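Q: what follows is a protein structure lacking sequence information:
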């Protein structure tokens, strides 16, 4: 049924969002708004190990339950065992897939709020007893805000409070002191090869950032096989070798991105982390729809949109378009760097 609920934020809430880092970043303004509306509410969040490392210790997250999908069926068994001991007033299922539905089914709450049937996929809607109203597809952030609307909670001001937190500032100061110039952080790869840009082109950009813009390049991300392969190509081809901070950890990555004058990234978690930190980010987008998963209401002028055809007013959809990232040439990226220099360079106070 559609959500017919008394407005207000109850005292015990469970968030089901077990997706990747970018989605976790989009959830933070939701939990912050819930806490603003009811500072006494206790928020439990079910999520995967990687995004858990990012949000653990956040002021609005009281408890984390890990769902480690790499463990297969044991991940469900462990989640069921932990949730059997807990009672909630409200469960908010922010995911549209079947696995999130199963975990929602493990929770104990009189109200389980999820997406409307048209947007819930893989029978996910079967596991919730209240639905947000049907709506056209929006930016992911705005879709999450629809859940706040049902509760009578305003999403504004949109706050992430991602950090760096006070105990992380010392590490950040040491990192900044070790680099003799403004930092440009490059995200070398994503979770999907279709979203990646080409490392040989990143190498050209590295040299231009150094030679033309006087910047010091830092490679950031994890240590997956593709990220390490991209790092190797960049290091081999760039005349001015960047510094690699691959595998530094998500909390240190927050400090790096916060200290950066500029971030360059495909559609992946660090792009959205940069937006949350108000760090200018050049977004390289071709596979995913920028209107749905691009930077949220900031740095729209720095998007390189290879998703659409020239002049195409495409709708907001979940459609992916393969093969579009190759359309992005190094000159497109450097044009955006020039735009960043003209509009944003030197404007950030830290």
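A: In hand now; what should we look at? Everything quoted here is computed from the prediction, not taken from an experiment.
Q: from here on, contacts and neighbour counts on C-alpha atoms
A: Will do.
Q: ok, and the closest non-adjacent residue to the most centrally placed residue in the chain?
A: Residue closest to the mean C-alpha point of the chain, counted by Cα atoms, centre = their mean, is residue 22 at 1.6 Å. Distances taken as Cα to Cα, 6 or more residues apart in numbering place residue 269 nearest to residue 22, at 4.0 Å, with adjacent residues excluded.
Q: adjacent strands (with direction) for the helix or strand where residue 113 lies?
A: Here residue 113 sits within strand 111-114, counting by DSSP states H and E. With DSSP bridges as the test, strand 111-114 is paired with strand 90-93 (parallel), strand 130-131 (parallel).
Q: pLDDT on that strand, on average?
A: Averaged across strand 111-114, pLDDT comes to 96.
Q: other residues contacting it?
A: Counting by Cα atoms under 8 Å, 6 or more residues apart in numbering, strand 111-114 makes contact with 3, 89-95, 104, 120, 125, 127-132, 147, all of which sit outside it.
Q: same check on stretch 236-253?
A: For stretch 236-253, contacts defined as Cα under 8 Å, 6+ apart pick out 50, 53-54, 164, 168, 171-172, 200, 203-204, 206-207, 210, 216-223, 227, 231, 234-235.
Q: tell me the buried residues within those residues.
A: 50, 54, 164, 172, 200, 203-204, 206-207, 210, 216-223, 227, 231, 234-235 (16 or more other Cα atoms under 10 Å).
Q: circling back: deepest-packed of the strands paired with strand 111-114, please.
A: Of all those, strand 90-93 has the most neighbours on average by mean count of other Cα atoms under 10 Å, namely a mean of 24.
Q: circling back to that earlier point, tell me which of the contacts of stretch 236-253 fall in strands.
A: When strands are assigned by DSSP state E, the members of these inside them are 216, 217, 218, 219, 220.
Q: could I get the residues you listed as JSON lines with distance to residue 157 and pLDDT?
A: Formatted as JSON lines, the entries for these read as follows, by distance: Cα to Cα, whole Å; pLDDT from 0 to 100:
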{"residue": "216", "distance to residue 157": "34", "pLDDT": "98"}
{"residue": "217", "distance to residue 157": "33", "pLDDT": "98"}
{"residue": "218", "distance to residue 157": "32", "pLDDT": "98"}
{"residue": "219", "distance to residue 157": "32", "pLDDT": "98"}
{"residue": "220", "distance to residue 157": "29", "pLDDT": "98"}
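Q: gap between the residue of the chain most remote from its centre and residue 162?
A: Distance from the C-alpha centroid of the chain peaks at residue 239, with 31.7 Å (Cα atoms, centre = their mean). Taking Cα to Cα, to the nearest Å as the measure, residue 239 falls 34 Å from residue 162.
Q: can you check residue 289 too?
A: Applying Cα to Cα, one obtains 25 Å for the distance of residue 289 from residue 162.
Q: kindly report the same for residue 50.
A: Here the distance between residue 50 and residue 162 works out to 15 Å (Cα to Cα).
Q: one more: residue 29?
A: Applying Cα to Cα to residue 29 and residue 162 gives a distance of 10 Å.
Q: next one: residue 333
A: When distance is defined by Cα to Cα, residue 333 is 27 Å away from residue 162.
Q: how about residue 156?
A: Separation of residue 156 from residue 162 (Cα to Cα) stands at 16 Å.
Q: so for the two, which sits in the more crowded spot?
A: For residue 156 versus residue 162, neighbours defined as other Cα atoms under 10 Å are more numerous around residue 162 (21 against 11).
Q: quick check, that one in contact with residue 277.
A: Yes. The pair formed by residue 162 and residue 277 meets the contact definition of Cα atoms under 8 Å, at 6.9 Å.
Q: re earlier: out of the strands paired with strand 111-114, flag the one nearest residue 299.
A: Using Cα to Cα as the measure, strand 90-93 is the one of those that comes nearest residue 299, at 29.3 Å.
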